[in-house]
Structure formats: structure tokens, C-alpha cells
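Asker: heads up, no residue letters with this:
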DNA sequence: GGAAACCCGTTGGTGTCACCCATGTTTTTT
DNA sequence: AAAAAACATGGGTGACACCAACGGGTTTCC
């Protein structure tokens, strides 16, 4: 009947719906790429944040990335098990763990960053560089949970 | 220490990351709004698509919305249980179910549409109408799984 | 200086969404 | 007539987001 499988739908003009679909595609692309290194998206995000922030507590990592403390425990567990980060008690505040990237972690991060960038290039392949920047700017303004 | 909890992060400039965060916020807003009617986002999406497409098979619904057939079964089950849609065997093709919206479904849809629109307005409150349209246009171009 | 309030990491759990493989029935294709 | 495809349904898994509680540590505030 219809060569176009897509009927115009009210739903598919809603930002929330489009965001969900685009996020799912982005996640699929990035996850598939990172799977080559045995990592998930969140692993890469945490590893990247640790590299930037230096020795940092799990709580601050969670605040920076918007990740639940419970989930952070599991993520750092995985990264530590693979020798990508070290987790040592913070001498200045014995509640905290000081999470720090290792040499192996830095090497791994270089690879996963390349993979992640490539996946994002594919995700935004239909956009010009200027459009991609604009998308990033718009998303940044609606992604924050606060008002 | 830092009044700004957010350190500049490489991750948070990636479209895939921003999409994930923005989608999570959008989903939270819409889900909270629809919870007042006892529905989830996917319920509303399917109900809306059924209203637009008229009597339609579950497979075509799934194709239109990008939902797995298995998940569609559960969604239509819920909608049918609540009397919002009818599911009758298609006389022309006995493999298919003809899903159709009911009067109750239409009433419910009017309310959930208002709730969904309101949640999306809040989601994009930081954007001008023109910016919102531009976001929709950009997302539409990267949301499609095909190339 | 002591109590109250708060923060940190951890364990326990739930719910939503995306996705996969398999099967029986019914069409369509060859 | 046989083979291939489509449909609805069942089984199951993995990734994220989120919530409640708790013990140990630290800060705040009387």
C-alpha cells in the first residue's frame, strides 16, 4: 500500500519522543563501538571524568555526571577490577574514596575516546558541522534538570 | 571548594551524552505527567498512533513507532484491559489483529495529549519557539535508524 | 564539648525501555 | 504443492534511572 512506512504522527513531533529515539540510536552506536573494548557508555563517561578531575570522590563524580551513587559503586568496581582506576581512602576525609586514573586507564581512554567520537560522527552524519554545534547548544540548554 | 559543581567535561559535549540526559529529563517529565492518568509514555504513544491510523495491525503500529512486536503485545494488552482500544481479528487477514480506539480511549487521549504537551512545554521552556522548532528539525534528521 | 545535621560509600531493591530468539498460525511467493 | 515470509505471542537479557536504608565519618550549631 504505502511505500512510506511512516504515517505522520502527532507523537513524532514531540521533543520528548524525538529525544528518546535519537538517544536510543546514539546509545546503540556508542555502545556497539565501546563493546570492542569491553566497556559500556557509563564506564567511558566515568573514566573520562576521572581523567579530567584527577583524584576525585565518587560522590563528586556522581554529581558531575548525574549518576546515582549506587550505580557509581558498580561502575568504579568494574573500572578498578580492570585496573583502569585506583580507589584509595582519602587521607583528608576518611568518608571518601580518592578515585584516580591509572596508566592503563589512560591508554584505554585514548582508544574509547576515539571510538566514541567516531560513533558520534556517525550519529550526526546527516548534519553540517554548524548544525551539529547548534544541536549541542540547544541540547545543553534543555538537558539540565534544574530550572 | 567550587561553587560550580560542573567541571567542564569532554563527555558532556558529546551529542550522544547530551541526548541521553535530555531524553532522561523529557521522559521523567512526561512520565510524571502521564502517571496522573495511570499511563506510561509508550501507552500514550500507541494510543495516539491508533487514533491516527484507524484500525491497524500491531505489526504496523510497531513499525510506525519503532517498538518491538513483543513489547507491543504488552502495551495493547494494557490498553485493551482499560477499555481504551479494541482488538479484533482482521477479517481480511487472519494473522492480524485490528486495533481500534474506543470512545473511552478518545477521551483519555484528549487528556494525555494535553498532559504530554504541557510536559514538553516545560521540557523546552528554556527555548524560544523558533529554537524549539529548530531542535525538532535537527532531531528528526538524526533520529532515524536508517541512512 | 556534645548533640544534631549532614555527607559518603555501600547494599538492597524497582521500573522502564530496547532488544533477542523461538514457535504456531496464516498468508504470499515460487 | 512447497518454500518463504509475515503476524502475534511467548520466553528471556541488558542497560539506565531511581529510591530507601544504614553504618561510619565529618561538620555545624548550640
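Answerer: That came through, no problem. Predicted model, so just to flag it, every value in this text is computed and none were measured.
Asker: what about residue A:93, which helix or strand?
Answerer: Residue A:93 is part of no helix or strand when elements are defined by DSSP states H and E.
Asker: for the nearest residue to it once chain neighbours are set aside, list the residues it contacts.
Answerer: The shortest distance from residue A:93 to any non-neighbouring residue, by CB to CB, 6 or more residues apart in numbering or on different chains, is to residue A:57 (7.8 Å). Every C-beta, even on glycine, is put in place using the N, C-alpha and C of the backbone. The contact partners of residue A:57, taken as CB atoms under 8 Å, 6 or more residues apart in numbering or on different chains, are A:90, A:93, A:96-99.
Asker: now residue A:57: how far from DNA strand D?
Answerer: Here residue A:57 is placed at a distance of 11 Å from DNA strand D (CB to the nearest atom of the strand, to the nearest Å).
Asker: circling back to that earlier point, export the contacts of residue A:57 to a markdown table and append columns for secondary structure.
Answerer: Formatted as a markdown table, these follow (DSSP: H, G, I helix; E, B strand; the rest coil):
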| residue | secondary structure |
| --- | --- |
| A:90 | coil |
| A:93 | coil |
| A:96 | coil |
| A:97 | strand |
| A:98 | strand |
| A:99 | strand |
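Asker: intersect these with the contacts of DNA strand D.
Answerer: Residues of these in contact with DNA strand D (CB under 7 Å from any atom of the strand): residue A:93.
Asker: and which of the contacts of residue A:57 is nearest to DNA strand D?
Answerer: Closest approach to DNA strand D among the contacts of residue A:57 (CB to the nearest atom of the strand): residue A:93, at 4.7 Å.
Asker: next, count neighbours for the closest one.
Answerer: Look at residue A:93: counted by other CB atoms under 10 Å in any protein chain shown, it has 10 neighbours.
Asker: any chance of the contacts of residue A:57 in CSV, plus pLDDT and distance to residue B:31?
Answerer: As requested, the contacts of residue A:57 are exported to CSV (pLDDT from 0 to 100; distance: CB to CB, whole Å):
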residue, pLDDT, distance to residue B:31
A:90, 93, 37
A:93, 93, 37
A:96, 95, 34
A:97, 94, 33
A:98, 96, 37
A:99, 97, 32
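Asker: who wins for neighbours among the contacts of residue A:57?
Answerer: Among those, the one with the most neighbours (other CB under 10 Å) is residue A:99, at 26 neighbours.
Asker: hmm, that residue is touching residue A:56, no?
Answerer: Yes: assessed by CB atoms under 8 Å, residue A:99 is found in contact with residue A:56 at 5.6 Å.
Asker: need the residues touching each of those two.
Answerer: Residues touching both residue A:99 and residue A:56 by CB under 8 Å, 6+ apart: residue A:50.
Asker: show me where chain A has its helices.
Answerer: Under the criterion DSSP state H, chain A contains helices at A:15-35, A:41-53, A:58-65, A:69-81, A:103-123, A:129-143.
Asker: specify the angle between the third one and helix A:41-53 in degrees.
Answerer: With axes from the mean of the first three to the mean of the last three CA atoms, to 10 degrees as the basis, helix A:58-65 and helix A:41-53 are set at 110 degrees to each other.
Asker: now the angle from helix A:58-65 to helix A:69-81?
Answerer: Helix A:58-65 and helix A:69-81 are oriented at 110 degrees to each other (the same axes, to 10 degrees).
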